[in-house]
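Q: Structure for this input, please:
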Amino acid sequence: MIKGIIFDFDGLILDTESHQYELFQHLFEEHNVELPFERWLACIGTKTDFSLFSYLTEQSINKISEKQLRSDFHQLFVTGLAEMEAREGVREYLKEAKELGLSIGLASSSDRKWVRGHLSNLGLIDYFDCILTSDDVEYVKPSPELYTKAVNCLGLKPDECIAFEDSVNGMTAAKAAGLTCFVVPNFVTSHMTFNGMDGRLSSMNEKSLSEIIEAVQGN
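A: Sure thing, here's the model as predicted:
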């Protein structure tokens, strides 16, 4: 029986990834350097040493300051995010989960300040019974540690929870922890190849949470 749902954050609740891609695309075009999309795509949903800023600095024929690039990019990125709303259907899923008496968790590879700050700005933070971030684990996704801890935090078992993810690294983590996982890709992660998912939605408006639960419990 499904008793809880666990959400990813970046790309799933707030589409930070598509916004980030658009800014990087513009930045690389300005310096006549090709954006290494596939390499960057592999980094989504986890943490890595690969830096697009360092890559751009190395590849550009012009002398550019990596520090200045980071500063300018960060300002544009944060300003844009402040104006964004949650993805379609997210708020409705959270409301429905509360009405159904489900426990609600969040498992994110981003840090606590980032996640809690944006959840507060979106007016969604009070929906969550448990929020786990990179500050709470030794290894982020695709390691299952975040999901294992989130399930334990909710006082549930893995087979009693459904995870909602937008990336391959996130899906891999959820499945490795023993959860059912539905993927809801955004524009950027829709280019990924998902193997092993339990279902895929174009957005959370495609099916209600009750329909998802009924499908899972019927299997």
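Q: is it true that residue 216 lies in a helix?
A: Yes: membership of residue 216 in a helix is supported by DSSP: H, G, I helix; E, B strand; the rest coil.
Q: what pLDDT does residue 34 get?
A: Looking at residue 34, its pLDDT stands at 85.
Q: which SSE is the nearest residue to it once chain neighbours are set aside in?
A: Spatial nearest neighbour of residue 34, excluding adjacent residues (CB to CB, 6 or more residues apart in numbering): residue 28 at 6.8 Å. Quick note: C-beta positions are derived from backbone N, CA and C, even for glycine. Counting by DSSP states H and E, the element that carries residue 28 is helix 16-30.
Q: mean confidence for that helix?
A: 84.
Q: Could you tell me how many residues sit around residue 86?
A: For residue 86, the count of nearby residues is 20 (other CB atoms under 10 Å).
Q: Is it in contact with residue 14, as I believe?
A: Yes: the pair residue 86 / residue 14 is scored as a contact, 6.1 Å apart, by CB atoms under 8 Å.
Q: who touches both of these two?
A: residue 122 (CB atoms under 8 Å, 6 or more residues apart in numbering).
Q: so how far is residue 201 from residue 85?
A: Separation of residue 85 from residue 201 (CB to CB, to the nearest Å) stands at 18 Å.
Q: And those two? Which one has more around it.
A: Neighbour totals were compared for residue 85 and residue 201, and residue 201 leads with 15 against 10 (other CB under 10 Å).
Q: roughly how far is stretch 175-186 from the heart of the chain?
A: Centre-to-centre, stretch 175-186 and its host chain are 11 Å apart (CA atoms, centre = their mean, to the nearest Å).
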